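Asks: From the sequence below, what's the structure:
(2 chains)
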Amino acid sequence: MAAFQQALVLVFDWNLMLTILLSACFGIVVGALPGLTATMATALLVPVTFFMPPVQALAAIVTATAMAIFAGDIPAAMLRMPGTPASAAYTDESFAMAKKGQLDLNLGVNLVFSVLGGLVGVAVLIVSAPLLAEFAISFSSFEYFWLACLGLTCAVFIATKDPLKGFVALFIGLLIGCIGIDPAAGYPRFTFGTVVLLEGISFIPMMIGMFAVSELIRSSTTLDGRATIIAQKVGNLFKGVGAVCKKYQFNFWRGSVIGTVIGALPGAGADIAAWISYAVSKKFSKEPEKFGTGHIEGIVDSTSANNSALAGAWIPALVFGIPGDSITAIVIGVLYMKNLNPGPSMFIENAHIMYAVFIIFIIANLLMLPLGWAAIKASRHILSVPRNILVPLILLMCIVGSFAITNSVNAVVIMLVGGLLGWLMEENGFPVAPVILGLVLGEMLESNFMTSMIKADGSLMGFFSRPIAATLGVMTIVIWIWMLAVQMKPKVLSDKPE
Amino acid sequence: MRVNDLISGALLIILAAAMMAYTTTFPPFPGQKYGPSLFPRLLGGAIVLCGMLLMLRGRKQLAAGQPLGFIDDAYRPARGWMSVMMIIGAIVFYIAFSGTLGFVVTAFILMLALLLWFNGKPLNAVIIAIVAVLAVDWFFGWMFRVPLPLGVLPNGPANMLMNLVRGAR
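Replies: Down below sits the predicted model:
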């Protein structure tokens, strides 16, 4: 209880409230602009959070991402362009509703169910994380090694269209993570004798490069001309939402639960949660023929799911240090920077920070109601910000943000390399998120692996000597063999490039 | 710029081979059978495996009539390519000149060039570039005390202003 009181003191501080408010506005703008994603919002926020105390830094990220995921629904309905990939699943449906003259109802439902879905996700996070932590406290390096393997495999497997290329991306990330002092012996690896590489590849500039700069490079070719805004007047948002709540209550619960679970699976985040819950909604609907014609049912499922996934992703991130999506991958990097190593011990040593994060999650979701309403009302102005001015501005922020982390131009070089690598990889169908996962988890994976090897005296059987470790290990290996078999199986390849 | 999986697979195998060759220079753990080279070598092996699978796939794609490499339509027009080069060039320009010219001058030139290229309106470009550079200088240089390179200027604008205010008091 003392920790809870401490958390309240931490949260109800005007400085923190101001941070929450400002990052909420930032998140709404970034989320509402097509082409700028919630992950990019996080990447741009991190250099700023670098200078904040831990709770404030986490508050900024939690609030901005929650707002961004909701705000992505606005241009989906108005422009038929999802603001973030998390809204892509129901963009056509939303736009069809707007065309039928149901824009108000659509945005109202999106707003209310984003809030409610987010709150369900938070509730699950608050209940399950401490329980899991209690269970995980007895884990040794063997369990953590397998958990990291399983998490990374899962991330590649669920979150990417092409697992083989996903694994390549993951291994490249792990390889980049090897640069610098090695975690077990302290020997400088792959530094080519330079001092610059001794401390390894700085995580934040790399991430800014891969998630923000690569996106700028890609979008730079399509900047000419303004986006056409469909002028639509927004009326009373909440009219009719009550009836939808009543009719589709079950859809809401189903969407939120699916969202939270998918969010909690490593690597799969809000966008996949939305796609899956939309598909589930259509499959089990009494009137599936209405889907795609501007029907609210699927939207209730998926708009609840993407916001609940956001909170769900924090469960493995906080308890095991294994990110549930690319946003929490960045969060884990931030936690390490603040010397708050994620893991079960965090719930004992830093319980007040955990509680503070939980409270902030609730505040952020509640704040979404008034701010989201304001954002919808102001959406015509937000959406008419010309992107050809935004791109140079974001680039400047990326450069200075990277520089600020190490106070040297080397970080800008890393950012550039990350940007080029990310761009070329995405062009060729290699997903970028696993690189960041590999970079973040590399050290944890390797140090647990080396510790386990030393403990077991080089015997691989040691990795299966404890019951939980053995279970996790067998599961991981079965998945690996199965995946390899699928890859090896000769199949007819379509000649269409994806 | 897309290449056939045959090429990306081959590149990955070369990378992994070079890396594994490098690991032979790592010393072993004293008193242990393995050292800092173990983990990178395992990774290298995994990358080689993936590279081979990619090459197999690439060979099938080639047989199916896919070219070894091609450039996407978006980048074909001269303007598309130039836009990409402008973004990359702007970062290279910053890396090369921020030390000697300082943050304010470099960032102003960079912003001006990008805004003129993408937006095209000179007056707008000048105003936005000045406001953006001053805002960033204030936010990072003054508020967060990031030592942005000074270059030709004696001090950052925000710091100068704040010193003036302090002096007047």
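Asks: What ranges does the stretch 51-200 of chain A have for its helices?
Replies: Using DSSP state H, counting those that start in this stretch, the helices assigned to the stretch 51-200 of chain A run over residues A:54-71, A:73-79, A:91-99, A:103-136, A:141-159, A:163-178.
Asks: Which neighbouring elements make contact with the third one?
Replies: On a contact count with 3 or more CB pairs under 8 Å, 6 or more residues apart in numbering or on different chains; DSSP states H and E, helix A:91-99 meets helix A:73-79, helix A:103-136, helix A:296-312. Every C-beta, even on glycine, is put in place using the N, C-alpha and C of the backbone.
Asks: coming back round to it: who wins for proximity to A:Arg466 among the helices of the stretch 51-200 of chain A?
Replies: Using CB to CB as the criterion, the shortest distance between A:Arg466 and the helices of the stretch 51-200 of chain A is 5.7 Å, found for helix A:141-159.
Asks: Do that closest one and chain B come into contact?
Replies: No - looking at helix A:141-159 against chain B by CB under 8 Å from any CB of the partner chain, there are no contacts, and the closest approach is 10.9 Å.
Asks: ranking the helices of the stretch 51-200 of chain A by mean pLDDT, which is last?
Replies: The stretch with the lowest average pLDDT out of those is helix A:141-159, scoring a mean of 83.
Asks: Could you export that one as PDB, CA atoms only?
Replies: As requested, C-alpha coordinates have been extracted for helix A:141-159 and formatted as PDB (Å, rounded to 0.1, in the frame of the first residue of the first chain):
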ATOM      1  CA  SER A 141      18.900 -18.000 -16.800                       C
ATOM      2  CA  PHE A 142      17.700 -21.200 -18.500                       C
ATOM      3  CA  GLU A 143      14.100 -20.100 -18.400                       C
ATOM      4  CA  TYR A 144      14.900 -16.600 -19.500                       C
ATOM      5  CA  PHE A 145      17.000 -17.900 -22.400                       C
ATOM      6  CA  TRP A 146      14.100 -20.000 -23.700                       C
ATOM      7  CA  LEU A 147      11.600 -17.300 -23.000                       C
ATOM      8  CA  ALA A 148      13.600 -14.900 -25.100                       C
ATOM      9  CA  CYS A 149      14.000 -17.500 -27.800                       C
ATOM     10  CA  LEU A 150      10.300 -18.200 -27.800                       C
ATOM     11  CA  GLY A 151       9.400 -14.600 -27.700                       C
ATOM     12  CA  LEU A 152      11.600 -13.700 -30.600                       C
ATOM     13  CA  THR A 153      10.400 -16.700 -32.600                       C
ATOM     14  CA  CYS A 154       6.800 -15.700 -31.900                       C
ATOM     15  CA  ALA A 155       7.500 -12.100 -32.900                       C
ATOM     16  CA  VAL A 156       8.900 -13.200 -36.200                       C
ATOM     17  CA  PHE A 157       6.200 -15.800 -36.700                       C
ATOM     18  CA  ILE A 158       3.100 -13.800 -36.000                       C
ATOM     19  CA  ALA A 159       4.100 -10.400 -37.000                       C
END
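Asks: just how off-centre is that helix within its chain?
Replies: 17 Å (CA atoms, centre = their mean, to the nearest Å).
Asks: swap in stretch B:5-23?
Replies: Counting by CA atoms, centre = their mean, stretch B:5-23 comes out at 22 Å from the chain centroid.
Asks: Could you dump the helices of the stretch 51-200 of chain A into JSON lines and include mean neighbour count and distance to A:Trp14?
Replies: Compiled in JSON lines, those are given as follows (neighbours: other CB atoms under 10 Å in any protein chain shown; distance: least, CB to CB, whole Å):
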{"stretch": "helix A:54-71", "mean neighbour count": "28", "distance to A:Trp14": "12"}
{"stretch": "helix A:73-79", "mean neighbour count": "28", "distance to A:Trp14": "29"}
{"stretch": "helix A:91-99", "mean neighbour count": "21", "distance to A:Trp14": "37"}
{"stretch": "helix A:103-136", "mean neighbour count": "22", "distance to A:Trp14": "23"}
{"stretch": "helix A:141-159", "mean neighbour count": "23", "distance to A:Trp14": "38"}
{"stretch": "helix A:163-178", "mean neighbour count": "25", "distance to A:Trp14": "39"}
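Asks: Let's have those helices in TSV, adding distance to A:Asp13.
Replies: TSV is the format used below for the helices of the stretch 51-200 of chain A (distance: least, CB to CB, whole Å):
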stretch	distance to A:Asp13
helix A:54-71	9
helix A:73-79	31
helix A:91-99	38
helix A:103-136	20
helix A:141-159	34
helix A:163-178	36
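Asks: Go through the helices and strands packed on helix A:91-99 and name the closest to chain B.
Replies: Minimum separation from chain B across the helices and strands packed on helix A:91-99 (CB to the nearest CB) falls at helix A:73-79, 19.6 Å.
Asks: contacting residues around the closest one?
Replies: Applying CB atoms under 8 Å, 6 or more residues apart in numbering or on different chains, the set of residues contacting helix A:73-79 from outside is A:32-34, A:81-83, A:87-88, A:90-91, A:94-95, A:97-98, A:103, A:106-107, A:110-111, A:114, A:227-230, A:232, A:303, A:375-376, A:379, A:382-383.
Asks: Thanks again, I'm all set now.
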